[in-house]
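>>> Turn this into a model:
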Amino acid sequence: SMSNVDVDKQGLDLAIGQVLDRHVAECRKLLSVERLSGGASQETYRIRIETDNGEKLLAMRRAAGGVKVEPLPGHPGLDVEALLMQCAHTASVPVPQVYYVLQDEDGLGDGFIMSWLEGEALGARINRAPQYGAVREKLAYECGKNLARIHQIDLVETGLEKKLAVISPREFVEQTWNRYIDFNSPWPMIDYTAQWLLENLPTDEAFCLVHNDFRNGNFMINEEGIIAVLDWELAHIGDPMRDLGWICVNSWRFGGAGPVGGFGEYEDLFRGYEEVSGIKVDKARVKYWEVFGSFWWAVGCLGMAEHYRTGPDKTVERPGIGRRSSECQIDCVNLLIRGDVQLIEAELKQDNLDMPRTDELISSVRDFLRAEVMSETAGRTNFMARVASNSLDIVLRELELGSQAKEQELERLRSLLGEHDGSLGLGDLRWQLTRKLRSGEQSLQDQQLQKHLRQTVTNQIAIDQPRYSGLKTALDT
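Below you'll find the predicted structure:
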């Protein structure tokens with residue numbers, strides 16, 4: 001007897017076959033349908049068909065579980081995503097060709113069928129793989145040209161103005177800040193950055209179509225150049241410089257030295273943009289959105305820790321990403337308040353009161369995950385074993401440096417806030433500073449405040465991720 005899964009698969013193949021028959025002229029026969037690992041909200045399928053000129057691959061993206069999804073503000077839906085790609089194609093932006101947008105009567109839920117493209121979309125490989133050396137030279141320039149083409153798409157003529165949300169810089173900042181405030185956890189550098197962003201809002205309201213997730217890892221290249229701009233589901237109407245800033249955010253450089261995606265220079269990005277758009281790039285505004293990008297992802301990382309606490313998705317990966325908030329916070333420090341910093345020196349506490357010591361127990365588990373579990377696993381389990389071993393490294397550094405870092409933070413806060421009677425603990429004082437920043441009574445220009453934030457964030461990243469490039473930048477000042 002056939003299992004439900006087999007029946008579902010048969011039904012799916014049949015429905016896809018009927019759609020191809022009706023709407024993809026060159027399709028002679030459906031050969032196979034294979035589901036690829038997809039995100040939580042989207043499924044991706046690879047479809048093999050027979051044409052008069054041999055076999056051909058297509059792709060289908062659809063809503064998880066093949067449902068109809070009510071569009072939400074800021075999440076326009078798969079039919080709009082398909083429309084965006086069709087408009088981009090008309091504007092000479094490389095995108096997969098959309099063959100057909102699914103309709104209710106197809107019985108497959110929301111989605112669309114597009115061409116299958118072979119290329120590289122992994123940011124780290126785009127930055128490192130030797131075969132892309134020649135492409136990397138001109139990639140920032142290509143990105144600039146493509147962003148200008150996206151920004152020139154006519155919102156009225158295409159009908160996109162009726163389907164996309166308009167989001168102003170102020171709304172972006174306030175949405176993100178409020179999401180963080182709801183976590184009820186005090187991170188003064190995040191509040192400092194939010195206030196800076198509100199004090200320096202871009203004023204020119206020349207809004208247009210914004211891709212909103214154009215970065216290394218969201219386009220596909222081959223040895224010639226960019227062959228597809230992907231991930232259109234966050235597109236909206238807003239400040240075009242948002243896109244130019246986002247591709248420069250340090251989190252998306254994958255360890256590369258170039259400020260644009262890790263592979264290129266600002267000048268090349270701007271040159272490509274200016275050549276196509278005829279608009280002179282305002283560098284200060286790009287920097288504004290670069291700051292915003294790090295601020296947004298600092299909050300996003302804390303959101304992962306929040307997900308872990310509240311469930312239901314309690315993977316080892318979520319808290320690991322939560323600790324990456326300090327990477328984004330050090331990027332904000334480097335963009336806004338660079339200056340001298342000192343790292344805490346580890347105290348060697350090798351007493352033999354405990355045999356084994358706590359650090360020895362943790363090291364033994366980490367080494368077991370790294371050596372034995374990783375050598376005998378593959379795929380997701382292998383990846384999770386690495387994430388787990390990295391989390392244990394954070395715990396080891398915390399044991400080594402954490403209490404000193406907190407003592408020094410407490411001393412600085414007492415001095416900054418004038419609280420010397422010693423009755424208030426670290427949590428109280430951190431909250432006090434956070435509230436003063438939120439209410440606006442704390443000046444952002446205060447040198448003592450800036451130094452305190454630099455020291456605190458630098459020593460936090462030394463615990464969370466000492467190999468992150470932002471730490472080196474902070475120490476090189």
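
>>> number of nearby residues for the residue nearest to residue 377 when sequence neighbours are not counted?
Once its chain neighbours are removed from consideration, residue 377 has its nearest residue in residue 385; the separation is 6.1 Å (CB to CB, 6 or more residues apart in numbering). Just so you know, the C-beta spots here come from the backbone N, C-alpha and C atoms, and that holds for glycine as well. If you count neighbours by other CB atoms under 10 Å, residue 385 ends up with 20.

>>> Report the separation between residue 302 and residue 237.
Using CB to CB, to the nearest Å, we find residue 302 at a distance of 28 Å from residue 237.

>>> more crowded one of these two?
The neighbour comparison of residue 302 against residue 237 (other CB under 10 Å) goes to residue 302, with 22 against 17.

>>> show me where the stretch 1-150 of the chain has strands.
Listed in chain order, the strands of the stretch 1-150 of the chain (DSSP state E, counting those that start in this stretch) span 29-36, 42-51, 54-63, 98-101, 111-115.

>>> Please identify the most buried of those.
For those, the stretch with the most neighbours on average is strand 111-115, a mean of 22; neighbours defined as mean count of other CB atoms under 10 Å.

>>> Residue 63 is in contact with residue 102, isn't it?
No - here residue 63 lies out of contact with residue 102, judged by CB atoms under 8 Å, at a distance of 9.4 Å.

>>> Overlap of the contact sets of the two?
Overlap between the neighbourhoods of residue 63 and residue 102 consists of 78, 109, 110, 111, taking contacts as CB atoms under 8 Å, 6 or more residues apart in numbering.

>>> if we take the residues you listed, which one ends up nearest to residue 32?
residue 111 (18.1 Å; CB to CB).

>>> returning to that earlier point: max pairwise distance over the shared contacts of residue 63 and residue 102: which two?
78 and 109 (8.8 Å).

>>> Between those two, which has more neighbouring residues?
When neighbours are counted by other CB under 10 Å, residue 78 and residue 109 differ, and residue 78 comes out ahead with 23 against 18.

>>> Let me see the contact set for the more buried one.
Applying CB under 8 Å, 6+ apart to residue 78 gives the contacts 42, 61, 62, 63, 69, 101, 102, 110, 111, 112, 233.

>>> cutoff 6 Å now
110, 111 (CB atoms under 6 Å, 6 or more residues apart in numbering).

>>> and if you look at the one 10 residues further on?
Neighbour list for residue 88: residue 95 [criterion: CB under 6 Å, 6+ apart].

>>> could you measure it against residue 406, distance?
Summarising the geometry, the distance separating residue 88 from residue 406, computed by CB to CB, is 50 Å.

>>> in the helix or strand hosting residue 297, what counts as buried?
Element membership for residue 297 (DSSP states H and E) is helix 283-310. Within helix 283-310, the residues scored as buried using 16 or more other CB atoms under 10 Å are 285-308.

>>> what is the mean pLDDT for that helix?
Confidence over helix 283-310, taken as the mean pLDDT, stands at 95.

>>> Surely residue 149 and residue 93 touch.
Yes - taking CB atoms under 6 Å as the definition, residue 149 is a contact partner of residue 93 at 4.9 Å.

>>> quick one, phi/psi of residue 353?
Residue 353 adopts backbone torsions of phi -70, psi -40, taken as degrees, to the nearest 10.

>>> What degree of burial does it show, as a neighbour count?
Neighbour count of residue 353, defined by other CB under 10 Å: 6.

>>> can you pull out the helices in the stretch 251-400 of the chain?
With helices called from DSSP state H, counting those that start in this stretch, the stretch 251-400 of the chain shows them at 266-277, 283-310, 317-322, 325-336, 358-368, 374-375, 379-417.

>>> Save those as CSV, and put in distance to residue 184 too.
Compiled in CSV, those are given as follows (distance: least, CB to CB, whole Å):
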stretch, distance to residue 184
helix 266-277, 38
helix 283-310, 10
helix 317-322, 15
helix 325-336, 15
helix 358-368, 29
helix 374-375, 37
helix 379-417, 19
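
>>> Confidence-wise, which of these is weakest overall?
Within the helices of the stretch 251-400 of the chain, the stretch with the lowest mean pLDDT is helix 317-322, showing a mean of 91.

>>> Packing partners of that one?
Using 3 or more CB pairs under 6 Å, 6 or more residues apart in numbering; DSSP states H and E, the elements in contact with helix 317-322 are helix 283-310, helix 379-417.

>>> Residues touching the helix or strand following the longest one, excluding its own?
On the C-terminal side of helix 379-417, the nearest following helix or strand under DSSP H and E is helix 426-439. Outside of helix 426-439, the residues that reach it under the criterion CB under 6 Å, 6+ apart are 186, 188, 191, 192, 195, 406, 410, 413, 417, 442.

>>> where does the fourth one sit relative to residue 438, distance-wise?
Plainly put, residue 192 is 10 Å away from residue 438 if you go by CB to CB.

>>> again with the first one
Using CB to CB, we find residue 186 at a distance of 10 Å from residue 438.

>>> quick one, which of these two is more surrounded?
Here residue 186 and residue 438 are compared on neighbour count by other CB under 10 Å; more neighbours surround residue 186, at 19 against 16.

>>> Now that one: closest residue in space that isn't a chain neighbour?
Nearest non-adjacent residue to residue 186, counting by CB to CB, 6+ apart: residue 434, 4.0 Å away.

>>> Need the pLDDT of the one you found.
In this prediction, residue 434 has a pLDDT value of 98.

>>> Just give the number of residues close to it.
The number of residues packed near residue 434 is 20, by other CB under 10 Å.

>>> From the structure, what's the count of residues near residue 179?
Using other CB under 10 Å: residue 179 sits among 15 other residues.

>>> quick revisit: for residue 458, find the nearest of the helices of the stretch 251-400 of the chain.
Comparison of the helices of the stretch 251-400 of the chain against residue 458 by CB to CB identifies helix 325-336 as nearest, at 6.6 Å.

>>> Would you mark the buried spots in that closest one?
For helix 325-336, burial by neighbour count (16+ other CB under 10 Å) applies to 325, 326, 327, 328, 329, 330, 331, 332, 333, 334, 335, 336.

>>> show me where pLDDT drops low in the protein?
In the predicted model of the chain, residues 1-7, 37-41, 67-75, 349-350 satisfy pLDDT under 70.

>>> Just give me the residue right at the centre of it.
When the chain is reduced to its mean C-alpha position, the closest residue under CA atoms, centre = their mean turns out to be residue 297, at 6.5 Å.

>>> Touching, that one and residue 251? I think so.
Yes - proximity of residue 297 to residue 251 meets the contact threshold set by CB under 6 Å, at 5.3 Å.

>>> before we move on, the earlier item: between residue 149 and residue 93, which has more neighbouring residues?
Looking at residue 149 and residue 93 with other CB under 10 Å, you find the greater number of neighbours at residue 93, namely 23 against 19.

>>> just the shared contacts of residue 63 and residue 102 now: which is nearest residue 318?
Comparing the shared contacts of residue 63 and residue 102 against residue 318 with CB to CB picks out residue 78 as the nearest, at 26.3 Å.

>>> can you tell me how far the closest one sits from residue 288?
Note on residue 78: its distance to residue 288, by CB to CB, is 32 Å.
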